[in-house]
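>>> Sequence and predicted structure below; questions after.
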Amino acid sequence: MRFLFESWRKFITDPKLLVEGRIADAKKKYPRLANVAMGATSGGNWLKALVHFDPSGNQKYLMWAAKMLHESGEDAERASPSYRGHVPEYFDGLVAAFNPVMKSMEIFHKLQGTKFLKKRDINEFKNLSDGYDELKRANDKYEESLRLKQRQEKMGQQAREESKVIADTDQYKIIRPLSTGASCYYGRGTKWCISATQSQNYFDSYTEQGQKFFFVFLNNLKNDNLHKKIALVFDQAGDYSEAFDAKNNDLDHGEVEFGLRQNLINQKKYPNAWNYWRDFILEPMPDMEKRPVDPDFIKAVQELGIEFDPNYEQEVRQDERGNPYVTDSMYEYTQRAMHEIKIKASGLFNTMINEISFSIEDEEEELIDVGEFGIEEHRRFKKWRTLIK
């Protein structure tokens with residue numbers, strides 16, 4: 001018994017034995033494929049051809065391919081008025097089905113396990129006609145996705161060449177598009193008129209009026225958050241003018257900082273932290289002081305370097321008249337942490353505005369430098385200025 005078990009285990013784990021076994025099984029079940037030559041000068045039979053073209057490397061698709069090919073040959077025989085099981089009709093059926101069978105194996109092997117193909121086993125295709133049609137449709141979608149990816153990569157490369165990175169930090173990235181194409185690429189998924197592709201685009205028009213656009217990408221927000229992408233507008237004088245969320249809603253200073261607070265708490269990594277903040281500040285519950293602090297909020301606060309002791313619960317204090325009272329320190333810690341996050345968000349906003357303002361000033365100085373001194377003098381001046389900064 002043990003000998004049989006060891007022999008079977010060796011058979012199913014030895015690649016060479018596995019392949020030989022699958023070929024032998026196919027030959028046994030469909031002997032006509034091994035006996036009918038592909039042509040007078042080919043020197044091979046149909047089964048050998050299937051073995052040769054199986055893309056799996058271990059003849060995983062051989063039995064299915066042999067079944068499809070054999071059934072096609074038999075169908076051709078039965079369709080013949082003088083059907084007597086003669087080779088010519090069978091041969092014609094094999095010729096007609098061979099390329100679809102080969103292509104089906106190729107497509108299935110390429111797309112197996114991808115989103116383009118629902119079936120996980122080639123044996124789920126019960127007949128060649130329907131199976132080949134389904135596989136071709138799946139392959140068409142796959143090829144279209146490749147073309148789309150290539151177009152996006154080309155657009156991305158062009159957008160990078162026609163834009164300027166103002167800042168790139170752990171919290172955010174600021175990009176200034178310098179062309180309509182770059183504005184459309186980096187403004188994908190928004191309702192900004194300067195990034196419109198299905199309606200009139202106003203990027204060139206507003207740029208000619210002296211407006212400058214800077215796209216802020218908040219790294220720690222979910223993609224469906226309206227503050228994930230924010231467009232900051234600077235006027236002709238180089239001063240901050242206005243801001244818009246992804247749906248083109250006008251944002252005031254406080255609303256931009258509202259998005260920055262979510263980003264600081266890291267909504268993507270700690271989704272419950274922002275829910276806790278919302279319940280605490282925006283929709284306070286009557287018993288909020290007794291509610292346990294959310295673990296996500298504690299982690300987010302600690303990652304920001306804000307002192308937060310999750311084990312410190314209550315202490316006795318005195319009011320203005322000296323009367324003792326018990327306070328929930330966790331509640332006060334939460335209030336203090338939120339206050340510090342607000343301060344950080346405000347500082348972050350000012351930093352972003354300053355970074356953009358400096359980039360505008362540098363650009364204006366660069367134009368003046370080049371015009372006054374020429375290219376070489378401008379380069380030396382830029383190098384000198386960098387050294388003394």
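Sure thing, it's come through. Residues are numbered from 1 along each chain as shown.

>>> May I have the secondary structure class of residue 164?
strand (DSSP: H, G, I helix; E, B strand; the rest coil).

>>> Tell me the spatial nearest neighbour of it, not counting adjacent residues.
residue 176 (4.6 Å; C-beta to C-beta, 6 or more residues apart in numbering). Every C-beta, even on glycine, is put in place using the N, C-alpha and C of the backbone.

>>> residues touching residue 50, list them.
Going by C-beta atoms under 8 Å, 6 or more residues apart in numbering, residue 50 touches 26, 33, 62, 65, 66, 69, 101.

>>> Helices along the chain, start to end?
Using DSSP state H, the helices found in the chain span residues 2-13, 15-29, 31-35, 46-53, 62-79, 87-111, 128-161, 180-186, 203-208, 253-265, 271-277, 295-303, 329-373, 375-388.

>>> Please name every helix or strand in contact with the fifth one.
When contacts are defined as 3 or more C-beta pairs under 8 Å, 6 or more residues apart in numbering; DSSP states H and E, helix 62-79 packs onto helix 15-29, helix 31-35, helix 46-53, helix 87-111, helix 128-161.

>>> Setting aside sequence neighbours, what's the nearest residue to residue 242?
Of all residues not flanking residue 242 in the chain, residue 233 sits nearest, at 4.9 Å (C-beta to C-beta, 6+ apart).

>>> Of the helices of the chain, flag the one that's most buried.
Across these, averaging neighbours per residue (mean count of other C-beta atoms under 10 Å) puts helix 180-186 on top, at a mean of 22.

>>> who does that one touch, helix- and strand-wise?
Using 3+ C-beta pairs under 8 Å, 6+ apart: helix 180-186 touches helix 128-161, strand 172-177, helix 203-208.

>>> re earlier: using CSV, lay out the helices of the chain together with distance to residue 226 and mean pLDDT.
CSV is the format used below for the helices of the chain (distance: least, C-beta to C-beta, whole Å; pLDDT from 0 to 100):
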stretch, distance to residue 226, mean pLDDT
helix 2-13, 55, 50
helix 15-29, 54, 88
helix 31-35, 62, 88
helix 46-53, 53, 91
helix 62-79, 50, 91
helix 87-111, 36, 91
helix 128-161, 22, 93
helix 180-186, 16, 94
helix 203-208, 21, 94
helix 253-265, 8, 94
helix 271-277, 13, 85
helix 295-303, 20, 87
helix 329-373, 16, 79
helix 375-388, 38, 40
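
>>> Can you tell me which of those helices is nearest to residue 227?
Minimum separation from residue 227 across these (C-beta to C-beta) falls at helix 253-265, 2.9 Å.

>>> Of all the helices and strands packed on helix 180-186, which one is nearest residue 95?
Here helix 128-161 is closest among these (C-beta to C-beta), at 13.5 Å.

>>> elements contacting that closest one?
helix 62-79, helix 87-111, helix 180-186.
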